[in-house]
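Chemist: just the structure for this:
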Amino acid sequence: MAMVVSGRIVGTVLIRFALFPLVILGQRNAAQLHNHMPTMTRLQQRMSAARRAGDLHGCLYISVLLFLDIAHCLHLYMSSAVRMFEILNRIE
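Modeler: A predicted model of the protein is given here:
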């Protein structure tokens, strides 16, 4: 019984050690996304104001800006996902 418990502890420690780089990448992504939130919030507020005013051209312009900001965030996530897969491939 003592061997099973110690084996579980060792296994848990190894898994956590192996996943640590992924946790760090996830935290970096969250920080980068957090840096984009004020810009996205401002653009969403401008979009709501343009919709209320019936400004179709303003809505289109702001939607393009929102799209570009979201595309930038997706680029950050995709590059991080590629790094995560590279790390996982090194672990295996």
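Chemist: longest helix in this protein, please.
Modeler: For the chain, the helix with the greatest residue count under DSSP state H is helix 2-53.
Chemist: so which other helices or strands are in contact with that one?
Modeler: Using 3 or more Cβ pairs under 8 Å, 6 or more residues apart in numbering; DSSP states H and E, the elements in contact with helix 2-53 are helix 56-91. C-beta coordinates here come from the backbone N, C-alpha and C atoms, glycine included.
Chemist: can you spell out which helices and strands pack onto the helix or strand of the chain with the lowest mean pLDDT?
Modeler: When each helix and strand of the chain is scored by mean pLDDT, DSSP states H and E, helix 56-91 comes last, with a mean of 75. Applying 3+ Cβ pairs under 8 Å, 6+ apart, we find helix 56-91 packed against helix 2-53.
Chemist: what is the mean pLDDT for the helix it packs on?
Modeler: For helix 2-53, the mean per-residue pLDDT is 82.
Chemist: and it with helix 56-91, angle?
Modeler: Angle of helix 2-53 versus helix 56-91, following axes from the mean of the first three to the mean of the last three Cα atoms, to 10 degrees, is 170 degrees.
Chemist: and the residue sitting nearest the centre point of the chain, how far from His75?
Modeler: In the chain, the centroid-proximal residue (Cα atoms, centre = their mean) is Asn29; its distance is 4.5 Å. Taking Cβ to Cβ, to the nearest Å as the measure, Asn29 falls 11 Å from His75.
Chemist: what does Met47 give?
Modeler: 22 Å.
Chemist: leaving out chain neighbours, which residue sits closest to Ala50?
Modeler: Once flanking residues are discounted, Ala50 sits nearest to Gly58: 3.7 Å by Cβ to Cβ, 6 or more residues apart in numbering.
Chemist: residues near Cys59, how many?
Modeler: 17 (other Cβ atoms under 10 Å).
Chemist: typo on my end, Asn35
Modeler: Neighbours around Asn35, by other Cβ under 10 Å: 11.
Chemist: could you do Arg8 as well?
Modeler: When counting by other Cβ under 10 Å, one arrives at 10 neighbours for Arg8.
Chemist: do the one 4 residues further on as well
Modeler: Other residues near Thr12 number 10, with proximity taken as other Cβ under 10 Å.
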